[in-house]
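Participant: Based on what follows, work out the 3D shape:
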Amino acid sequence: MPTYTVLRQHLGERMYLEGEMREAAEAEVAHLIAAGVLRAPDPEPEPEPAPDPAPKPRRARKAGDA
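Facilitator: Presented below is the predicted three-dimensional model:
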């Protein structure tokens, strides 16, 4: 379940105070988000892809190799 930040004190399963975190299903708290009582969680930032590894240096050929 997502975690929401409480912006205004309200009574739910218990009394939630401003600044607390509340874990709930989105369907249960949609009206509180719309009313500005809860702040929806920020979407998880997608991890940046790892940079391509540097190409391996080529070995120099010996004089006898063809």
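
Participant: Centroid-nearest residue for the chain?
Facilitator: By Cα atoms, centre = their mean, the chain has its centre lying nearest to E44, at 2.0 Å.

Participant: now G12, nearest residue through space, not along the chain?
Facilitator: Among residues not flanking G12 along the chain, R22 sits closest, at 7.0 Å (Cβ to Cβ, 6 or more residues apart in numbering). Bear in mind the C-beta positions are built from the backbone N, C-alpha and C, glycine included.

Participant: ditto for L32
Facilitator: L38 (4.5 Å).

Participant: Look at I33 and give its secondary structure.
Facilitator: With DSSP: H, G, I helix; E, B strand; the rest coil as the basis, I33 sits in helix.

Participant: Hmm, I typed the wrong one, I wanted E28.
Facilitator: Going by three-state DSSP: E28 is helix.

Participant: what number of residues lie near it?
Facilitator: 10 (other Cβ atoms under 10 Å).

Participant: Show the contacting residues for the residue nearest to L32.
Facilitator: By Cβ atoms under 8 Å, 6 or more residues apart in numbering, L38 lies in contact with 4-7, 22, 29, 32.

Participant: can you rerun that using 10 Å?
Facilitator: 4-8, 10, 12, 16, 21-22, 24, 29-32 (Cβ atoms under 10 Å, 6 or more residues apart in numbering).

Participant: Inside helices: which ones of these?
Facilitator: Among the contacts of L38, DSSP state H puts 29-32 in helices.

Participant: can the residues you listed go into TSV with extra columns for distance to E48, pLDDT and neighbour count?
Facilitator: Formatted as TSV, the ones in helices among the contacts of L38 follow (distance: Cβ to Cβ, whole Å; pLDDT from 0 to 100; neighbours: other Cβ atoms under 10 Å):
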residue	distance to E48	pLDDT	neighbour count
V29	31	94	21
A30	32	94	13
H31	36	95	10
L32	33	95	21
